[in-house]
Each structure stands twice: as C-alpha cells, then as structure tokens.
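> after the sequence you'll find the predicted model.
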Amino acid sequence: MLTIRSLLRPSRIVDAHCDIPCGIYDPEQARIEAESCLRIIEKHDASEDKLFRARCIHVKEERAELVKHHLDVLWHDYFKPEHLEKYPDLHETFWKASKQASKVKQSLDAAAAKDLLAMIDTIDGMWKATGGPEKTRVSGRPS
Amino acid sequence: MARRRGLGGPFFLMLGVAAGIGVGRRWLDVVEVRGTSMAPSLLPGDRLLVESHTYQSREPRPAEVVLAADPREPERELIKRVASVNSAAATAELRGDALAASTDSREFGAIPLSEIRWRAVFRYWPPQRAGRLAEGD
C-alpha cells in the first residue's frame, strides 16, 4: 500500500558531484620537491663517493617526477577556465614548467633546477592571486 | 538564500504527493542529494521533489536546477544548475553552485537538452529548510 512515507522516500540519489575533490592545492608541494632536486644536485657535485652520487641521481629523478605530478594536479584540478581568462598564458606557463622539471630529471644542472623554482614561483603567484591560499588550504598557508 | 514561508510550501507538497500517486513517479519523483557541489543551495541529504513535465513543453532556463546523466558515467545522475542554454545547438551548460567543488560542464562540456528531463522544484527535507527552490536559491 502506498503511504505518504513511502512516497517521500527518495527513489534515487542525484549527485551534486565533484571528483571528491579534497580541494587542497598549494604550489608549495611542487616547490619543496624542486628544492630537493636543487639541493641533491649540489650534494652530488660536492661528493667524491660513487655510490652516494648514484643515489643522488636516483632520488633526484624521483623528486623531479613528483614535481611534474604536483604541477599536473594544480594545472588540471585547481585552475579553472575563469583563471585562464585572467592568465591567458597559464597553459604555456605550466607546459614550460613541466618541461623544465623533465630537464631537471634528466640532468645535473643546478641552474636548470633554479629556473624550475622560478617557474613554480610564477605559478605560485597565480595561485595566490586567484585566492588559492584562502580557498585551497585549511587555514591559509602556514607562515 | 531566499526561502518562502507560509502555506505555499506544505500545500505545494501535498499537491505534489497527490499527483505523485497519480502518475507513479513518471512526472513527479523524489530524490536525495549527495555531494556538496550545489552548496549552499542544496546540501547532502536534502530531499527534493522533481518533475519531468515542464521540459516536455519548453527548454530549461538559466538558473533552474536540473537533473542530467553524467556524460562520463551515464548511470550516475547529476544535479546541477543551468548556467546557459544554446538553443541552436540544443545544449545547456551546467554548473555546480560551489564552483570550486564541482565537476560540471567546465569539465565535461555542454549537455544535450534531450538529456535534461527533470527539474528540481521543491525541497521537503529537512523540514526547517523546506520550500520551493527559487531560481538562484
């Protein structure tokens, strides 16, 4: 028998959907990995130990890969079309930064690692200017 | 968030329930909201009356809250707000009210109007927020 209660029971779930997202983004994540790359290159260059130098190369490549991953997430999850209107060179900036991370992965060039940091700082500026610290950190970026 | 009080809500609801009995959930149905992309207008657990009559005679209009199959996962049904309608292309852009926490037409593109059949008209649960879903609400 149909009752009011059964009629008011939802027949289906509708999704006010998002790909979760956790909504937490911060270019600092990419920057820390990129700083690791720079410091590892410096340590590599200062060492005579073959084994240590081999480990440096291995770990630096892992860190550089993480830079690319974090940049990717920012690029396609944090930044939205309205941000592109504000920063028409947004795609170009990310593309170049990702390529630079590849360069850091492939080489032991400290200058390349410094360039990468500068590129991440540019992205950081975009993130800040679009309200990133307020919107995508739990209580802003810790000082 | 505008909310209407008074007899309008309960009356509308009773009318809806009565009609629902009559049409067996083909024109009227009730759904539950999951997710937060429509916050603060719609919150997880909100229960809504939806109707499929209006869009048989006219196109969706901007600001209306509609249901549509997720183009990337058709068995999932989305609830979003109409941002714009392109009559020539017979498509609509859908957005979640919570832009930062919504996957919508910005991601999966415009939705064919033929896919948009249901319009959300009334929230009956929770009772303290019951009322018509005004445009822009």
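Right, received. Where do you want to start?
> quick one, helices of chain A?
For chain A, helices defined by DSSP state H occupy the ranges A:4-8, A:28-46, A:50-73, A:81-86, A:90-106, A:110-129, A:132-135.
> elements contacting the fourth one?
What it means is helix A:81-86. Packed against helix A:81-86, as judged by 3 or more CB pairs under 8 Å, 6 or more residues apart in numbering or on different chains; DSSP states H and E, are the following elements: helix A:90-106. Glycine gets a C-beta too; all of them are placed from N, C-alpha and C.
> for the third one, same thing?
Of the remaining helices and strands, those touching helix A:50-73 by 3+ CB pairs under 8 Å, 6+ apart are helix A:28-46, helix A:90-106, helix A:110-129.
> circling back to that earlier point, just put the helices of chain A in CSV and tack on distance to B:S102 and mean neighbour count.
Listed next are these as CSV, based on distance: least, CB to CB, whole Å; neighbours: other CB atoms under 10 Å in any protein chain shown:
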stretch, distance to B:S102, mean neighbour count
helix A:4-8, 27, 12
helix A:28-46, 23, 19
helix A:50-73, 17, 17
helix A:81-86, 13, 11
helix A:90-106, 20, 18
helix A:110-129, 19, 18
helix A:132-135, 13, 16
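> could you dump these into CSV and include mean pLDDT?
Shown next, in CSV, are the helices of chain A (pLDDT from 0 to 100):
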stretch, mean pLDDT
helix A:4-8, 74
helix A:28-46, 97
helix A:50-73, 96
helix A:81-86, 84
helix A:90-106, 97
helix A:110-129, 98
helix A:132-135, 90
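> so after the helix or strand bottoming out on mean pLDDT in chain B, what's the next helix or strand?
The helix or strand of chain B with the poorest confidence is helix B:8-23; it has a mean of 60 (mean pLDDT, DSSP states H and E). Next helix or strand after helix B:8-23 toward the C-terminus (DSSP states H and E): strand B:28-34.
> list the strands paired with that next one, with their directions.
According to DSSP bridges, strand B:28-34 has the following sheet partners: strand A:12-15 (parallel), strand B:47-51 (antiparallel).
> most tightly surrounded among those?
The highest average neighbour count among the strands paired with strand B:28-34, using mean count of other CB atoms under 10 Å in any protein chain shown, belongs to strand B:47-51 at a mean of 22.
> just how off-centre is that strand within its chain?
7 Å (CA atoms, centre = their mean, to the nearest Å).
> just for chain B, where's the confidence low?
Scanning chain B with the threshold set as pLDDT under 70 gives B:1-24, B:134-137.
> quick one: the strands in it?
B:28-34, B:47-51, B:65-70, B:73-86, B:91-95, B:111-112, B:116-125, B:131-132 (DSSP state E).
> contact partners of the second one?
Contact partners of strand B:47-51, identified using CB atoms under 8 Å, 6 or more residues apart in numbering or on different chains, comprise A:8, A:10, A:14, B:13, B:16, B:27-33, B:42, B:67, B:79, B:118-125, B:133.
> try 10 Å this time
With contacts defined as CB atoms under 10 Å, 6 or more residues apart in numbering or on different chains, strand B:47-51 is touched by A:8-12, A:14, B:12-13, B:15-17, B:19-20, B:23, B:25, B:27-33, B:42, B:65-67, B:79, B:117-126, B:130, B:132-133.
> is there a quick PyMOL command that grabs whichever of those are buried?
Entered in PyMOL, the line below selects the buried ones among these, by 16 or more other CB atoms under 10 Å in any protein chain shown:
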select buried, (chain A and resi 8+10+14) or (chain B and resi 12+13+16+17+20+27+28+29+30+31+32+33+42+65+66+67+79+117+118+119+120+121+122+123+124+125+130+132+133)
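> still on that earlier bit, possible to save the helices and strands packed on helix A:50-73 as a markdown table with distance to chain B?
As requested, the helices and strands packed on helix A:50-73 are exported to a markdown table (distance: least, CB to the nearest CB, whole Å):
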| stretch | distance to chain B |
| --- | --- |
| helix A:28-46 | 18 |
| helix A:90-106 | 14 |
| helix A:110-129 | 13 |
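> all set now, cheers.
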